[in-house]
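Chemist: Have a look at this prediction, sequence included:
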Amino acid sequence: MSNVYSIAVVVGSLRKESLNRKVALALADLAPANLKLNIVEIGELPLYNEDIDGASPPAAYSTFRQEVSSSDAVLFVTPEYNRSVPAPMKNAIDVGSRPYGKSAWSGKPGAVFSVSPGAIGGFGANHHLRQSLVFLDVPCMQQPEAYLGGAGSAFDEAGNLSESVKPFLQKFIDAYGKWVEQHKKA
């Protein structure tokens with residue numbers, strides 16, 4: 001029997017009816033038995049500022065770092081803003097990477113899933129985020145890549161996942177479960 005791994009899910013969109021949050025929740029519902037996905041909130045994180053991150057960092061910094069540090073792996077679900085990740089996602093990455101030498105991200109197996117109502121599914125944000133993950137020492141799952149374009153039609157009016165999208169999400173989260181299992185055994 002395999003272990004159950006705690007996955008910190010970072011959702012880049014703060015919007016209440018975010019398609020990215022809906023996808024993250026759908027992935028949690030579809031997750032294999034070895035994964036327990038938990039969304040780690042980023043909306044209340046103050047912009048990273050070393051001046052306030054001393055002996056008594058903001059409580060939001062400490063809470064966020066603890067939630068990421070105590071997880072076994074990380075999953076990023078992000079929209080694309082101007083061919084990159086949104087500011088809250090980048091801020092969360094910066095907060096989690098400090099203080100220098102004590103990154104909460106280091107060594108955690110990760111994956112990126114980009115979601116967009118546009119046709120190319122957040123390709124730019126997905127790859128831009130992967131560049132940061134290399135520096136953060138987050139071994140990132142390479143395949144299957146996950147870009148969900150036309151995401152506005154991925155859910156019906158009641159918020160239910162479209163049956164046509166479900167196999168794509170299932171394939172991704174099953175592969176990620178294997179990726180985490182493999183990385184944690186190494």
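Modeler: The structure has been received and is ready for your questions. Numbers count the residues shown, from 1 in each chain.
Chemist: longest single helix anywhere in this structure?
Modeler: Of all segments of type helix in the chain, defined using DSSP state H, the longest is helix 166-185.
Chemist: Number of residues surrounding the closest residue to L148 other than its chain neighbours?
Modeler: Closest residue to L148 in three dimensions, ignoring its sequence neighbours and counting by CB to CB, 6 or more residues apart in numbering: V115, at 4.7 Å. Glycine gets a C-beta too; all of them are placed from N, C-alpha and C. When neighbours are counted by other CB atoms under 10 Å, V115 registers 29.
Chemist: One more: G152?
Modeler: There are 10 residues near G152, going by other CB under 10 Å.
Chemist: quick one, strands of this protein?
Modeler: In chain order, the chain shows strands spanning 5-11, 35-39, 73-78, 110-115, 147-148, with DSSP state E as the criterion.
Chemist: Show me what the mean pLDDT comes to for the first one.
Modeler: Put plainly, it is strand 5-11. Mean pLDDT, strand 5-11: 98.
Chemist: need the contact list for the closest residue to Q170 other than its chain neighbours.
Modeler: Nearest residue to Q170 in three dimensions, chain neighbours excluded: L30, at 5.2 Å (CB to CB, 6+ apart). Remark: with contacts taken as CB atoms under 8 Å, 6 or more residues apart in numbering, L30 is in contact with K166, L169, Q170, I173.
Chemist: what about 10 Å?
Modeler: L30 makes contact with L37, L161, K166, P167, L169, Q170, K171, F172, I173, D174, according to CB atoms under 10 Å, 6 or more residues apart in numbering.
Chemist: Distance of V95 relative to G110?
Modeler: Using CB to CB, to the nearest Å, we find V95 at a distance of 16 Å from G110.
Chemist: hmm, I was thinking of D156
Modeler: 30 Å.
Chemist: Who does K36 form a beta bridge with?
Modeler: Applying DSSP bridges to K36 yields these beta-bridge partners: S6.
Chemist: Return the distance of it relative to N160.
Modeler: Here the criterion is CB to CB. By it, K36 lies 22 Å from N160.
Chemist: One more: L169?
Modeler: On the measure of CB to CB, L169 and N160 end up 13 Å apart.
Chemist: Overlap of the contact sets of those two?
Modeler: Jointly contacting L169 and N160 under the rule CB under 10 Å, 6+ apart are A26, A154.
Chemist: out of the two, which sits in the busier spot?
Modeler: Taking neighbours as other CB under 10 Å, L169 and N160 compare with L169 leading, 21 against 12.
Chemist: mind checking how far that one is from S70?
Modeler: 26 Å.
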